[in-house]
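Novice: what's the 3D shape of this:
(chains A and B)
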Amino acid sequence: MHDWKALVAARLEPLPLDPARAADIVDELAQHVAEHHAELVSAGMSDEDALAAALAPLDSHPMVARDIARADRPRPAAPPPPPSIRGGIAADALHDLRYAARLLARSPGFAAAAIVTLALGIGANAAIFSVVNAVLLRPLPYADPDRLVMVGEAASNGASNVGYLTYVDWRDRSRGFDDLALIRSWTTTLPTREGPERIAGMRISANYFRLLGVRPALGRDFKAEEDTPSGWRVLIITDRLWRRRFDADPNVVGRVVTMSERPFTIIGVLPASFEPLISEHFYQRADMWALVGYDATLNYACRGCQHLKAIGRVKAGVSFEEARRDIDAVQAQLRAEHPVDYGRHSMLLVPLKEELTGRVKPALRVLMAAVAVVLLIACANVANLLLARMAGRERDLALRTALGASRARLVRQLLAESALLALAGGALGVTLSAWTMPLLFRVAPPMMARLTSASVDGRVLGFSIALSAATVLVFGLLPALRASRADLGATLHGRARTGASAFGRLKRTHYTSQLLVAADVALAAVLLIGAGLMIRSVAQLVGVNPGFDASRVLTMQVALVGPKYATDEQALTTVDRLLARLREIPGVATVAAASQIPLGGNGDCSGFHIQGRPTATPAEAPCPERYGVTPDYFEVMRIPLKSGRVFTTADRADTEPVLVIGERTARTLWPNGDAVGQHVRVGDHASGPWRTVIGVVGDVRHAELAAAPTMQMYTPQSQFTDSFLTIVLRTTVAPTAVAGEARRAIWSVASDAPVYEVAALEDLVARSVSPRRFLMLLLELFGAVAALMTAVGLYGVLSYAVAERTREIGIRAALGASRLDIVRAVSIGGLAVVAAGLASGGAVAAAVTRYLEGSLYGVAPTDPTTFGATLALLFVMAAAAQSVPLLRAMRIDPAVALRQE
Amino acid sequence: MSAGRDLRKGSAELLILALLDQRDRHGYEIAKLIDARTSGAIRFHVASLYPTLYRLERRGVIAGRWVERAGARRRRFYRLTAEGRKVLDAERRSWRAFFAALNRVARIRHA
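Specialist: Model prediction:
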């Protein structure tokens, strides 16, 4: 008699089961082998042969122990679902999550793909939302900021500036405002241990800080009685300046500082939380405030002297429109009383928030839309990943249904899995956005006020979590519902996929996948077309001729203020000596000074009154940009002379007053080309010399590269002397290389003159492109991410389709279909889906790119070249993504396919 | 290449469930019956049968228990559970559909 158990046990590796069960199995197998052996012997076989034959299957299947153990233990594809009765809903949810975590850990590739995809979508959204939150959503840091408005006449760029006397009448006669304050730009020079420092400040009416609801942290606010021509030299400074220049001295109040040789008394320090947004927006980020100090006697306090800005607080319970109509009536009175001083514009109230954020809003909206699209693509892709994964797990799910799991329970477990993915994706995404934010700041245009205060804060976190939750619903529900519907009979066995009902089901899955892929392609097309349009715009813009040659020009600003430069003569002598010193620096070819330069961020237009051609009111006279320049300016900037001549050193204060104008000014005002020789008064229409137009030069782009040249004129410094000058140096070496020496040269002549904003002219030009470059970079980035996700999604779906259809392809091949037929059958579906996606993407893009219009330059929102090239690129990419699964389909061997499980 | 190796696990399961639908059987008997009734086209041996049985048992489709009878060997008998009956019905339906589909394409029956 053979010891069957020993014989069997010797042929099995130790079973990784509990010993009793293992013994049972060995027992059962031994029974089988014994009976087989007995039957063979009774059929006439020798004992030895029968023994070998009965044991042969065990000898030839070394893995049998593993097969048995795997069959006997919980199936690895599905750990036992958590008990659903015990512990209530919370415990259930915890069980579901734990179960989901175990399942995900078992397919790390899938989990990683899904999480990274979601992280990219959510991360991009969190980053951009942080920016939007900082720039647009967060309320302004002032009391009841929504009632603050800029007040002025309706002008092309918002509310106009205002003259002092006009402001006084607005303030005293209007009834719609709690208060109306006045601001103007101011820069001054603070003597410090390290030399004179130029400080950006602001001059304000005494009620300004009260209007904003800001109180000094130290000292006191301004008093109305200080706001006079003799009393205005009192200072409130920022916490920043107090710490930096006054060592945070708690006794700083009452301290007197001398600026431009005048004593100023510090009366207050603002709280550290104060954000000087208004000065930053209109002028430069201010560090100190003094009073305006005007009265009616000053000649620059006139009604038409529009260099001040009015800011008001609309009364509670009064609508903006009511306040506007009220002050419009006041303005009508003023127009009747002083017809010479006012044009015919109606009044305009611009909400302060609108004023501060209006310019960046369209760009941010576009970016929000772009990242939303990226997230949609991410969701569609993850949904597809989940669909494919569910298909592989249908048997498991059907079995669990068979074992009594309710449909709701299954849906919950699948949702738990999705939730886990979304949470992990969200966490990774937020981390990602926190890392990328500093990079964002580096490429951001300077005009995005408050951008640098953007951070991934609680709100952003909330937003991301909300997004994650929404994402779960979007992509978790689809496969969950589909899977829970999966019909039991058809799914419990793998081969059922080839059954008739399974074919239909496969088609449905496929249909959903195809829809998702088409949507992916369409969304990616929209993004890439947007990016393409921006790329073309920036390319066009970079190619724009600004009207001057920016290469190898260094610019630096210098302020000549104070009693030493009180007269024009004193200032002019200093400028001459200063330019002479600069010219001696090795590497400097020519040097000039100008009151302002194009793309320098300033603007200074003056009334242009032509002799013999008075306008209805002086306020209606054209207002060309004025550049007060020294003779070499045109040479340094390489601005071409079109007719007549430019200034020479012979144009002096005591010679004929002269003027050079830009081409556009000449063409607009003298269409017959007879501008040279005409006489013009600049500024005040009633006084001042008549200046003779001696030449016409090429136009320059002043405010930004994208804006067509405006009307321009040039006055000689010798006849129209400015205190704030921009020095331009044409160099033969890298411009910034001479900056240090240039600064020392200026100080050797004017030791108290602050030198600031030293920059290569090329950088100023580049800065002008930066808002568009910013938008372009981000759209490019999002477009690339979208395209990549789409390609991966396409590849995944097609691979899945080919795998699913292996049998069908095998049958087709067996029935005589050529490989080409098969490729056609499989790829037509894929390419048709891509084509449908591209077509709808193109249509959607054509409808939405007009929202980009404000940011485009030199390219139409429906530019056919961009559309065509982008769609073609995506098609090629899609075809490439398909090629791998297609090759796989072509290589399917019918014999293998038909046999394969 | 024997038909048994080509047979996919699923059809093997169908055969096992169908045999157990008639009455409870032990492993060796199942193997013998499949061999006999398919005239050897499908064949199970000790190394392939038991993993399949255990898998079915694990899923709750069949249930095994040891039975000792006087004068006979101690044997493990398997019976079809209520769940198994449902699964068997569903499998029969879908196999019918599958054969119908195959037949429409390849005309197996009347070729």
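
Novice: residues in contact with the closest residue to A:His61 other than its chain neighbours?
Specialist: Distances taken as C-beta to C-beta, 6 or more residues apart in numbering or on different chains put B:Ala47 closest to A:His61, at 3.9 Å, once the chain neighbours are dropped. Just so you know, the C-beta spots here come from the backbone N, C-alpha and C atoms, and that holds for glycine as well. Going by C-beta atoms under 8 Å, 6 or more residues apart in numbering or on different chains, B:Ala47 touches A:Pro57, A:Leu58, A:Ser60, A:His61, A:Val64, A:Asp67.

Novice: In helices, which of these appear?
Specialist: If you go by DSSP state H, the contacts of B:Ala47 have A:Pro57, A:Leu58, A:Ser60, A:Val64, A:Asp67 in helices.

Novice: From A:Leu838, how far out is the residue in chain B positioned nearest to chain A?
Specialist: In chain B, no residue comes nearer to chain A than B:Ala90, which is 2.3 Å away by C-beta to the nearest C-beta. Distance, B:Ala90 to A:Leu838, using C-beta to C-beta, to the nearest Å: 42 Å.

Novice: Secondary structure element holding the residue nearest the centre of chain B?
Specialist: When chain B is reduced to its mean C-alpha position, the nearest residue by C-alpha atoms, centre = their mean turns out to be B:Ile16, at 1.5 Å. Under the criterion of DSSP states H and E, B:Ile16 resides in helix B:9-22.

Novice: in that helix, what's buried?
Specialist: Across helix B:9-22, burial judged by 16 or more other C-beta atoms under 10 Å in any protein chain shown covers B:Gly10, B:Ala12, B:Glu13, B:Leu14, B:Leu15, B:Ile16, B:Leu17, B:Ala18, B:Leu19, B:Leu20.

Novice: For the closest residue to A:Asp568 other than its chain neighbours, give me its contacts.
Specialist: Excluding the flanking residues, the one nearest A:Asp568 by C-beta to C-beta, 6+ apart is A:Thr721, at 4.0 Å. Residues counted as contacts of A:Thr721 (C-beta under 8 Å, 6+ apart) are A:Asp568, A:Ala571, A:Leu572, A:Gly628.

Novice: in the sheet, who's paired with A:Pro263?
Specialist: When bridges are called by DSSP bridges, A:Pro263 pairs up with A:Thr258.

Novice: so the longest helix along chain B versus helix B:9-22, what angle?
Specialist: Secondary structure of chain B per DSSP H: the longest helix is helix B:82-106. Between helix B:82-106 and helix B:9-22, the angle formed by their directions is 130 degrees, by axes from the mean of the first three to the mean of the last three C-alpha atoms, to 10 degrees.

Novice: coming back round to it: now the residue nearest to A:Asp568: phi and psi?
Specialist: Backbone geometry at A:Thr721, expressed as degrees, to the nearest 10, gives phi -90, psi 130.

Novice: Now do it, the pLDDT please.
Specialist: pLDDT, A:Thr721: 89.

Novice: quick one: low-confidence ranges for chain B?
Specialist: For chain B, the stretches with pLDDT under 70 are B:1-10, B:70-71, B:108-111.

Novice: Swap in 90 and give it another go.
Specialist: Along chain B, the model assigns pLDDT under 90 to residues B:1-19, B:21-24, B:27-29, B:31-61, B:64-76, B:81-84, B:86-111.

Novice: Show the contacting residues for residue 67.
Specialist: Assuming you mean chain A. By C-beta under 8 Å, 6+ apart, the neighbours of A:Asp67 are A:His61, B:Ala47, B:Pro51.

Novice: look at chain B instead
Specialist: Going by C-beta under 8 Å, 6+ apart, the list of residues near B:Val67 reads B:Arg74, B:Arg75, B:Arg76, B:Phe77.

Novice: and the third one, that's in a strand?
Specialist: Right, the one you point to is B:Arg76. Yes: assessed with DSSP: H, G, I helix; E, B strand; the rest coil, B:Arg76 lies in a strand.

Novice: That one pairs with what?
Specialist: B:Trp66.

Novice: OK, contacts around it?
Specialist: Contacts of B:Arg76 by C-beta under 8 Å, 6+ apart are A:Asp24, A:Glu28, A:Gln31, B:His26, B:Gly27, B:Gly64, B:Arg65, B:Trp66, B:Val67.

Novice: Apply 7 Å and report the result again.
Specialist: B:Arg76 sits next to A:Glu28, B:His26, B:Gly27, B:Gly64, B:Trp66 when contact means C-beta atoms under 7 Å, 6 or more residues apart in numbering or on different chains.

Novice: Equivalent analysis for B:Gly27, please.
Specialist: B:Gly27 neighbours (C-beta under 7 Å, 6+ apart): A:Glu28, A:His32, B:Leu49, B:Tyr50, B:Leu53, B:Arg76.

Novice: Mind telling me the two of the residues you listed farthest from one another?
Specialist: B:Leu49 and B:Arg76 (11.8 Å; C-beta to C-beta).

Novice: picking that back up, can you redo the buried residues of helix B:9-22 as a markdown table with distance to A:Ala813?
Specialist: Listed next are the buried residues of helix B:9-22 as a markdown table, based on distance: C-beta to C-beta, whole Å:
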| residue | distance to A:Ala813 |
| --- | --- |
| B:Gly10 | 22 |
| B:Ala12 | 26 |
| B:Glu13 | 28 |
| B:Leu14 | 26 |
| B:Leu15 | 28 |
| B:Ile16 | 32 |
| B:Leu17 | 32 |
| B:Ala18 | 32 |
| B:Leu19 | 35 |
| B:Leu20 | 37 |
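
Novice: Can you lay out these as JSON lines showing distance to chain A?
Specialist: Compiled in JSON lines, the buried residues of helix B:9-22 are given as follows (distance: C-beta to the nearest C-beta, whole Å):
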{"residue": "B:Gly10", "distance to chain A": "4"}
{"residue": "B:Ala12", "distance to chain A": "10"}
{"residue": "B:Glu13", "distance to chain A": "7"}
{"residue": "B:Leu14", "distance to chain A": "7"}
{"residue": "B:Leu15", "distance to chain A": "12"}
{"residue": "B:Ile16", "distance to chain A": "12"}
{"residue": "B:Leu17", "distance to chain A": "10"}
{"residue": "B:Ala18", "distance to chain A": "13"}
{"residue": "B:Leu19", "distance to chain A": "16"}
{"residue": "B:Leu20", "distance to chain A": "16"}
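
Novice: Not counting its neighbours along the chain, what's nearest A:Glu153?
Specialist: A:His345 (3.9 Å).

Novice: SS state for that neighbour?
Specialist: Assignment for A:His345 (three-state DSSP): coil.

Novice: For A:Val785, see how far away it is.
Specialist: 47 Å.

Novice: These two: which has the busier surroundings?
Specialist: A:Val785 (21 against 16; other C-beta atoms under 10 Å in any protein chain shown).

Novice: Which strand or helix spans the more buried one?
Specialist: With DSSP H and E as criterion, A:Val785 is part of helix A:761-804.
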